[in-house]
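Q: Dropping a prediction and its sequence here:
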Amino acid sequence: MIATDKTFSDLIISFTSGKDCSTVRREKGLSYCKEDEVFIQQNIFCYETLGSVTCYERPDPHKGGHQKLGDNSHNLIK
């Protein structure tokens, strides 16, 4: 358990399910298996406007033809 942070049961479940499962993850408040972790993707659309950046919950609601900034992957909760 020291080297892998997994109990014997964790190793069996990980092997049979093909997932990376660990009781230690569960004790840290995470999902039991890494692959079952829920990621909430926020839809935030930011555009450069005159002198600042403006963000909306939907693509350019004013149809101003502004180019979206970045891919917004930094807004994902990890």
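A: The structure has been received and is ready for your questions.
Q: Now the phi/psi pair for Arg58, please.
A: Main-chain torsions, Arg58, degrees, to the nearest 10: phi -140, psi 160.
Q: Now it: closest residue in space that isn't a chain neighbour?
A: Phe45 (6.6 Å; C-beta to C-beta, 6 or more residues apart in numbering). (C-beta placed from N, C-alpha, C; glycine too.)
Q: Tally up the residues packed near the one you found, please.
A: Using other C-beta atoms under 10 Å, Phe45 is surrounded by 16 other residues.
Q: quick one: pLDDT of it?
A: Per-residue pLDDT puts Phe45 at 80.
Q: same check, this time on Glu27
A: pLDDT, Glu27: 90.
Q: That one: how many residues sit nearby?
A: Considering only other C-beta under 10 Å, Glu27 is surrounded by 9 other residues.
Q: For it, which residues are in contact?
A: For Glu27, no contacting residues are found, by C-beta atoms under 8 Å, 6 or more residues apart in numbering.
Q: ditto for Tyr56
A: Per C-beta under 8 Å, 6+ apart, neighbours of Tyr56: 44-47.
Q: Tell me the most packed of those residues, by neighbour count.
A: That'd be Tyr47 among the contacts of Tyr56, by other C-beta under 10 Å, with 18 neighbours.
Q: Doesn't that one lie inside a strand?
A: Yes - Tyr47 forms part of a strand when assessed by DSSP: H, G, I helix; E, B strand; the rest coil.
Q: That one reaches Pro59, doesn't it?
A: No - judged on C-beta atoms under 8 Å, Tyr47 makes no contact with Pro59 at a distance of 9.2 Å.
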